[in-house]
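Visitor: Build me a model:
(one chain, ligands or ions: 1)
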Amino acid sequence: MAIRFDILTTFPEMFSELSPAAMGVSIPARARKAGLAEWHATDIRSYSKDKHRKTDERPFGGGPGMVMMCQPVWDAVMAVEGLDARPATRILLTPQGVPLKQGLVEELAKKERLLLIAGHYEGIDERVIQKLAPMEISIGDYVLSGGELAAMVLMDAVIRLIPGVLGDDESAGSDSFGVASGDREGRRLLDCPHYTRPREWEGMEVPEVLMSGDHGRIAKWRLERMVERTRERRPDLFPNKEGEK
Ligand code: 6GU
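Guide: Numbering: from 1, shown residues only. This is a model prediction of the structure:
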């Protein structure tokens with residue numbers, strides 16, 4: 001059965017599968033059309049009991065910005081969870097969350113149903129977070145205006161790991177942060193450089209080994225470039241930094 005995403009947001013139009021936006025193109029759109037993934041965006045605003053359909057209020061204690069209120073968020077989660085019999089893994093997208101890494105993406109790709117809550121404003125009232133007890137996930141150390149783009153990042157990363165989504169020529173195993181196929185230590189490495197035709201461009205040649213047809217040599221060269229790039233650009237990815245010096 002297709003993995004189901006429910007997104008709770010005050011900007012559901014951002015998730016339209018009809019618009020040529022992030023979720024309407026490329027691999028996510030193809031996965032949806034193939035029946036391998038589905039998503040439904042729900043407007044938190046439609047669960048507001050306020051006469052003006054307000055979802056946010058000024059923070060107690062003062063300060064800038066607005067805080068999303070408990071009631072609309074809680075009611076939206078309860079209603080959306082009831083739309084499908086499968087239990088949903090609740091996820092709140094927030095810069096306060098655990099960093100999204102490929103290992104976590106792999107865990108999430110095993111789930112049948114993910115419920116993504118995209119906060120806005122300064123945040124969400126802490127009490128509804130406490131009561132919902134979602135996983136809290138961040139996509140990096142910078143601040144976005146809302147959790148919607150982060151939710152799409154997470155969805156894209158998860159969808160491409162679902163069996164059958166990628167063709168053989170797009171295998172996820174050869175991506176950056178995938179466990180390198182030729183690496184006996186199972187390290188998560190950056191990808192190697194890639195080349196295609198023409199063989200010479202602007203005076204620059206394709207590395208000779210790639211033209212050799214020697215698959216063993218090519219695999220070895222690629223793994224070496226992956227290790228080299230990772231050491232140069234992301235030494236933090238090596239669990240044992242001493243061993244890599
Ligand atoms: Cl998940 N949300 C927001 N608003 N900002 C972020 C983020 C999430 N991850 C990094 N920055």
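Visitor: lowest confidence element among the helices and strands of the protein?
Guide: Least confident helix or strand of the chain, by mean pLDDT, DSSP states H and E, is helix 26-33 with a mean of 91.
Visitor: Show me which residues of the longest strand along the chain are buried.
Guide: The residue-count maximum for a strand in the chain (DSSP state E) belongs to strand 89-99. By 16 or more other Cβ atoms under 10 Å, the buried positions in strand 89-99 come out as 89-95, 97. In short, each C-beta sits where N, CA and C put it, glycine included.
Visitor: Would you mind listing the two of those residues that lie farthest apart?
Guide: Using Cβ to Cβ, the two most remote members of the buried residues of strand 89-99 are Thr89 and Pro95, lying 20.0 Å apart.
Visitor: The residue positioned nearest the centre of the chain: what's it in contact with?
Guide: When Cα atoms, centre = their mean is applied to the chain, the residue found nearest the centroid is Leu154 (1.8 Å). Residues in contact with Leu154 (Cβ atoms under 8 Å, 6 or more residues apart in numbering) are 91, 93, 100, 105, 108, 116, 137, 139.
Visitor: Pull out whichever of those are also neighbours of the ligand.
Guide: Near the ligand, taking Cβ under 6 Å from any ligand atom as the test, the members of these found are 93, 139.
Visitor: If you average the pLDDT over stretch 88-102, what comes out?
Guide: Stretch 88-102 shows a mean pLDDT of 97.
Visitor: Put the alpha carbons of that stretch into CSV.
Guide: C-alpha atoms of stretch 88-102 as CSV (Å, rounded to 0.1, in the frame of the first residue of the first chain):
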residue,chain,number,x,y,z
ALA,A,88,0.3,7.8,11.9
THR,A,89,3.7,8.7,13.1
ARG,A,90,3.4,12.3,14.2
ILE,A,91,6.1,14.7,13.1
LEU,A,92,6.4,18.4,13.9
LEU,A,93,8.7,20.4,11.6
THR,A,94,10.6,22.8,13.8
PRO,A,95,14.1,24.3,13.9
GLN,A,96,14.2,23.0,17.5
GLY,A,97,13.9,19.4,16.3
VAL,A,98,16.5,16.7,15.7
PRO,A,99,18.5,17.2,12.5
LEU,A,100,17.1,15.3,9.5
LYS,A,101,19.8,12.9,8.3
GLN,A,102,19.7,10.1,5.7
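Visitor: now it, how far from the centre of its chain.
Guide: 9 Å (Cα atoms, centre = their mean, to the nearest Å).
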